[in-house]
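S.K.: Prediction below, plus the sequence it came from.
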Amino acid sequence: MIKVNALTKDFPLSRQQRKELNTEDKIARAVDNISFECQPGKVFSLLGPNGAGKTTTLRMLSTIFSPTSGTIEIAGIDAVKYPQEARKKIGFLTGSTGLYARLTPIELINYFASLYGVPKNELESRKKYLFDLLNMHDFLGKRIGKLSTGMKQKVSICRTMIHDPEVVVFDEPTSGLDVITAENIIKLIRDCKDQNKTVIFSSHIMSEVDLLCDDLAIIHKGKIKHEGSMLDFRTNMHESNLTAEFIRIVQS
Amino acid sequence: MIFNIFKKESIDTLRDRRTLMMMLVIPILIFPITLNVFVSISASFQEEAAVKTLKVGIVGDKNSYFAQQLNEIPSEMGAKKLVFFKDSASLMTELKKDSIQLGIITDKQFNEALKAQLPARVTWFFDATEIGINERAEQYMKIIEVKAQQKRYDELELDFRKVTPFQTSYQNIASDKKMVGQIAGGFLPYIFIAFGFIGCMYPAIDLFTGEKERGTIETLLTTPVARWQILFGKMMVVVLSGILASSAALLGLFISIEFLDIVDNQEIMKIIHEVLSPLFIVSMFSLLFPLTIFFAGVMIPIAVYAKTFKEAQSIITPLNIVMVLPAMVGFFPGIELNLITACIPVVNVVLATKELISGTLEFGYLALCFGVMVILALASVFVSYKQFGKETNVVS
């Protein structure tokens, strides 16, 4: 479960940045007092246009950034006070995730498993399960730099799931991927839901949200503009389609 | 956890061809190749000079003073051929065309001055860009002058000893080891410092800026590993790379000395072997280790701050000059290790190494240099830690 309460994130602006943004403000508020909850076994979507604050929010959830104020609870752990403990429960995947090109998939998986402290006896069965599931056996010994985009995506998924996280955070996971490669991610999100994991993903593609999510929040300029279930969203639409309704809410 | 990061980063670094080239291949090969080329060229120049017949132009004929004197100089000093000219203008023209290499022009009153036992004026012309010509002219003149001097003593019936008030000799009391230390002592730490810096540079950029640029740092930061552990694991690889690069350079130099016959003098070879004792190597590394940490500590905040590999490289490369330039202090005589120089980073390592080779380093100074470098290394690690802790620096 993820509980977010009154979360705010400010970034200091350098003189150069103030000049570029034509502002006198010494800080930029990327996320402004947002609250929401993500339930286990459900997929929560954070929807918003570019620069809305989605990535900053997810980076705070995965403890890469510390919030300026507010609280975050990850699987019952206060992620602000105990970020290292919280990270053990999180699997994090972004569309822009890079992999170590000079390592092989097996070396990379072993490395991340060691960082997550996965016990050796569990690691072997976990690796077998994921390698079978993602059909990775043929390229486990090849350098990642020589793999296709689809193969790399499978390695990324395997890395994210190697420690069997309770909470999975996806930041625009399908961005830049073709339909077939993106399908691996869609399947992963569905599998996570079936395994009763808490899933949060950010996107600006309405069709993807429609396909996957149970609950959603629309974020714009750091503020939540709408929050509720997907069912309610569809029921109370003012516009004829989901994209038009999303634009209406953002512009309201 | 630090070891896991160190292990992974080491594998990653050793598989990077660019880093491998800068860290091991170039440092090992640079000295054998450059010294081999230098020795070969120098030998070929010497051979060429030995067999080359030097053409000496003289205004006058075979009976002129210098023609007679030069003919008496044995050919063991190098083959020569005399060419006679009617006037100095034609001699100078041929000299400029390089058809002769030396030209001797005497004053009109030269013979009269000699007879009158007065200083007779003679000018030797040569092209100084041609190696060895100047030296040959000086050797010839010295022989001719000694002979002429002796002749005057005889004519004046003077006892040579009575016009020589002093019998002076200059005795060098410095041991051969100290002499080697003065010469090699400036060179050796310079190599260590230059290659140590270059060895740190690529891994520092690759492991920090590169990771940011490739988008891998974000996933690393979501693992339950503290940032300081990530920093330390990576920093250990950067330091190790620097030490490996400088050790590889030393190894290359050692191979050159041992197998390329650069040093002819067996006494000097013996001293070199004595210098390279286990105690020397331990003392050397005790200075080099904190220095390399200091280098890594200076580079890492820059690599963390930079957004692209190119940006990091453009800041760190000029820094190379700032760091390595003080290492040249070892080439200047007269600058010694004292309480002030022992506190100046890089300079202290150079001067301490110089004294270490000469066998004159006092333990107190070694400890002071080590202490200063450790303090600076710790300070630079602290700066790296602060920079790596900044969210905006680590994630773009």
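M.R.: Happy to help now that I have it.
S.K.: what stretches of the stretch 51-200 of chain A score poorly on pLDDT?
M.R.: By pLDDT under 70, the low-scoring segments of the stretch 51-200 of chain A are A:176.
S.K.: quick one: the residue in it that chain B sits nearest to and residue B:101, what's the gap?
M.R.: In the stretch 51-200 of chain A, no residue comes nearer to chain B than residue A:98, which is 3.4 Å away by Cβ to the nearest Cβ. Placement of C-beta: from N, CA and C, glycine included. Applying Cβ to Cβ, to the nearest Å, the value for residue A:98 to residue B:101 is 66 Å.
S.K.: again, but for residue B:219
M.R.: Taking Cβ to Cβ, one finds residue B:219 at 72 Å from residue B:101.
S.K.: Neighbour count: these two, which is higher?
M.R.: Just comparing residue B:219 and residue B:101: by other Cβ atoms under 10 Å in any protein chain shown the higher neighbour count belongs to residue B:219, 24 against 21.
S.K.: Where does that one fall, secondary structure wise?
M.R.: Element membership of residue B:219 [criterion: DSSP states H and E] is helix B:217-221.
S.K.: State the pLDDT value of residue A:39.
M.R.: Among the per-residue scores, residue A:39 shows a pLDDT of 90.
S.K.: Okay, domains of chain B per the record?
M.R.: Per automatic domain parsing, the domain ranges recorded for chain B read B:2-33+B:175-394, B:53-163.
S.K.: Would you confirm that the residue of the stretch 51-200 of chain A closest to chain B contacts residue B:214?
M.R.: Yes - contact criterion Cβ atoms under 8 Å: residue A:98 and residue B:214 qualify, at 3.9 Å.
S.K.: Please say which of the two ends up with more neighbours.
M.R.: Neighbour count, other Cβ under 10 Å: between residue A:98 and residue B:214, residue A:98 has more, with 19 against 16.
S.K.: Surely the more buried one is within a strand?
M.R.: No - assigned with DSSP: H, G, I helix; E, B strand; the rest coil, residue A:98 falls outside any strand and is coil.
S.K.: Quick check: chain neighbours aside, which residue is closest to it?
M.R.: Of all residues not flanking residue A:98 in the chain, residue B:215 sits nearest, at 3.4 Å (Cβ to Cβ, 6 or more residues apart in numbering or on different chains).
S.K.: which element is residue 247 on?
M.R.: Since you didn't name a chain, this refers to chain A. helix A:242-251.
S.K.: wrong one, chain B
M.R.: Residue-wise, residue B:247 maps onto helix B:227-259 under DSSP H and E.
S.K.: returning to what we had before: who's in contact with the residue nearest to residue A:98?
M.R.: Residues in contact with residue B:215 (Cβ atoms under 8 Å, 6 or more residues apart in numbering or on different chains) are A:94, A:96-98.
S.K.: most neighbours, which of those residues?
M.R.: residue A:94 (23 neighbours).
S.K.: where's residue B:330 relative to chain A, distance?
M.R.: Using Cβ to the nearest Cβ, to the nearest Å, residue B:330 is found at 38 Å from chain A.
S.K.: my guess is that residue meets residue B:182, correct?
M.R.: No - taking contacts as Cβ under 8 Å, residue B:330 lies outside contact range of residue B:182: 9.5 Å.
S.K.: Which residues of chain B lie near chain A?
M.R.: B:1, B:4-5, B:8, B:11-12, B:15-16, B:214-216, B:218-226, B:391-392, B:394-395 (Cβ under 8 Å from any Cβ of the partner chain).
S.K.: swap the cut-off to 6 Å and go again
M.R.: Taking Cβ under 6 Å from any Cβ of the partner chain as the contact definition, chain B meets chain A at B:4, B:8, B:12, B:15, B:214-216, B:219, B:221-225, B:391, B:395.
S.K.: Farthest-apart pair in these, please.
M.R.: B:15 and B:391 (29.8 Å; Cβ to Cβ).
S.K.: Pull up the per-residue confidence for residue B:396.
M.R.: Value listed for residue B:396 in the pLDDT field: 64.
S.K.: typo on my end, it should be residue B:343
M.R.: Here, the pLDDT recorded for residue B:343 equals 91.
S.K.: what sits against it?
M.R.: Residue B:343 makes contacts with residue B:372, as judged by Cβ atoms under 6 Å, 6 or more residues apart in numbering or on different chains.
S.K.: what does residue A:49 give?
M.R.: Counting by Cβ under 6 Å, 6+ apart, the residues that residue A:49 touches are residue A:204.
S.K.: can you pull out the strands in the chain?
M.R.: Unless you meant another one, I'm taking chain A. Taking DSSP state E, the strands of chain A run over residues A:2-12, A:27-38, A:43-47, A:69-74, A:77-78, A:90-94, A:167-171, A:198-203, A:215-220, A:223-229.
S.K.: look at chain B instead
M.R.: B:54-59, B:80-85, B:102-106, B:122-126.
S.K.: Now distance to residue A:181 too, for the strands of chain A, in a markdown table please.
M.R.: Formatted as a markdown table, the strands of chain A follow (distance: least, Cβ to Cβ, whole Å):
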| stretch | distance to residue A:181 |
| --- | --- |
| strand A:2-12 | 27 |
| strand A:27-38 | 25 |
| strand A:43-47 | 20 |
| strand A:69-74 | 28 |
| strand A:77-78 | 33 |
| strand A:90-94 | 13 |
| strand A:167-171 | 14 |
| strand A:198-203 | 16 |
| strand A:215-220 | 24 |
| strand A:223-229 | 29 |
